[in-house]
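K.L.:
with the input below, show me the fold.
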Amino acid sequence: MTTSKRSTAGRPRSAAASSPVTNRVAASDSEPVDAPRERGRRQRVQSAETGMVVLKGLARLGGRASLTALAAHVQQSPAKVHRYLMSLVEEGLVAQDADSQHYYLGLEAMLIGVAAMRQADPVRAAEPGLVRLREAFDVTCFIAVMGNKGPTIVRFEEPGLPVTINVRIGSVMSVLWSAAGRVFLGLLDDPQVLAMAEAELAHASPDQRALLDAEEPIGALRAAVRAAQGASVRDTNLTGISALAAPVFNYDGRLVGVITALGATGGFDPSLDGPIGEAVRREALAASHALGYRPPLPAGA
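P.N.:
Presented below is the predicted three-dimensional model:
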């Protein structure tokens, strides 16, 4: 007996009979085919970001901390921080002390830090700030470093109509009478700098001595600079010129440069809390940050 086949020609196909290809196309209308891949990528990026937060938090706590202290610092649960620490330990970026159970920066982290420190250059770090100061305030500005003869200008920026002064790149500034020199005197604990100041004081005129404290001329000046974290002068180093200066620190908090802005007395505000003074402080701090400097944490933080 022959079984006849019914023709399905012309009949509409049911949804259940839709082909797998059709199903995939329909599904793609609500979600791209690569959406799971994109979600996975985002999750990996977020995990990397959290890992970096944990690593940077450990560095900012001095490079060593307990799990509890680190979790509190990065504002994450100890369990979550522990998971990331285990990954960082596997990569050599973090290690754990067997006795105290505290975590500390590992060999790979130290190698990264050494490589970064080799590139740390206060002049390069300060250059963008000097340009911004010149353009914003139309002032002459420079960065000086401490040389074997005294504070030495190593980068100089001046506006379109510069103030006429006899200092340029390579010029050595006075320790007692220039703003840059006073910052070095106040914030750099170096017997050689102190000796330079004492030599200048020995040759100072009575009018110059009258500008300093009668009993502790150098000690009082150093204390004032430390309190202000900067210095300003008016007509002491160059007649008719006022200046203000702020410090640039490196990764371990050592003074490595001083940014100075100057202008003609009468048309230049040398106050450290004035607009130019605040801008100089801001650019000096930005240069310090570029060198790895972080201000000390407040007591109890």
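K.L.:
my guess is A179 meets A245, correct?
P.N.:
Yes: A179 lies in contact with A245 (Cβ atoms under 8 Å); the separation is 3.8 Å. C-beta here means a position set from N, CA and C on the backbone, and glycine is covered the same way.
K.L.:
now the helices for this protein?
P.N.:
Counting by DSSP state H, the segments of the chain that form helices are 20-28, 35-60, 67-74, 78-90, 107-118, 122-137, 179-187, 191-202, 206-209, 217-228, 275-290.
K.L.:
which strands and helices lie in contact with the fourth one?
P.N.:
Contact partners of helix 78-90 among helices and strands, from 3 or more Cβ pairs under 8 Å, 6 or more residues apart in numbering; DSSP states H and E: helix 35-60, helix 67-74, strand 94-96.
K.L.:
out of these, which is closest to V139?
P.N.:
V139 lies closest, by Cβ to Cβ, to one member of the helices and strands packed on helix 78-90: helix 35-60, at 34.4 Å.
K.L.:
hmm, back to that, tell me the most buried of the helices of the chain?
P.N.:
Highest mean neighbour count of those: helix 179-187, a mean of 27 (counted as mean count of other Cβ atoms under 10 Å).
K.L.:
please name every helix or strand in contact with that one.
P.N.:
Identification of packing neighbours for helix 179-187 by 3+ Cβ pairs under 8 Å, 6+ apart yields strand 140-147, strand 150-157, helix 191-202, helix 217-228, strand 231-234, strand 241-249, strand 255-264.
K.L.:
CA atoms only: put that helix into CSV for me.
P.N.:
This file holds the C-alpha atoms of helix 179-187, laid out as CSV (Å, rounded to 0.1, in the frame of the first residue of the first chain):
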residue,chain,number,x,y,z
ALA,A,179,62.5,84.1,46.8
ALA,A,180,63.8,80.9,45.3
GLY,A,181,66.9,81.0,47.5
ARG,A,182,64.8,81.4,50.6
VAL,A,183,62.6,78.4,49.8
PHE,A,184,65.8,76.3,49.5
LEU,A,185,67.1,77.7,52.8
GLY,A,186,63.9,77.0,54.6
LEU,A,187,62.9,73.6,53.3
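K.L.:
give me the angle between it and strand 140-147.
P.N.:
40 degrees (axes from the mean of the first three to the mean of the last three Cα atoms, to 10 degrees).
K.L.:
neighbouring contacts of helix 179-187?
P.N.:
When contacts are defined by Cβ atoms under 8 Å, 6 or more residues apart in numbering, helix 179-187 is touched by residues 142, 144, 146, 150-151, 173-176, 193-194, 197, 218, 221-226, 229-233, 237, 243-247, 255, 258, 260, 262, 270.
K.L.:
of the residues you listed, just the buried ones, ChimeraX syntax please.
P.N.:
Selecting only the buried entries of those in ChimeraX, with 16 or more other Cβ atoms under 10 Å as the criterion:
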select :142,144,146,150,151,173,174,175,176,193,194,197,218,221,222,225,230,231,232,233,237,243,244,245,246,247,255,258,260,262,270
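K.L.:
thinking again about what came up before, rebuild the helices and strands packed on helix 78-90 as TSV, extending it with mean pLDDT and distance to F156.
P.N.:
Below are these laid out as TSV (pLDDT from 0 to 100; distance: least, Cβ to Cβ, whole Å):
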stretch	mean pLDDT	distance to F156
helix 35-60	76	35
helix 67-74	94	41
strand 94-96	94	44
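K.L.:
quick one: which of those is nearest D138?
P.N.:
Of those, nearest to D138 by Cβ to Cβ is helix 35-60, at 37.8 Å.
K.L.:
and this protein, what are its domains?
P.N.:
32-117, 120-290 (automatic domain parsing).
K.L.:
H73 is nearest to which of the helices and strands packed on helix 179-187?
P.N.:
Of all the helices and strands packed on helix 179-187, strand 241-249 comes closest under Cβ to Cβ, at 22.3 Å.
K.L.:
show me what the closest one packs onto, helices and strands only.
P.N.:
Partner elements for strand 241-249 (3+ Cβ pairs under 8 Å, 6+ apart): helix 122-137, helix 179-187, strand 231-234, strand 255-264, helix 275-290.
K.L.:
could you give the average pLDDT over that strand?
P.N.:
Taken as a whole, strand 241-249 has a mean pLDDT of 96.
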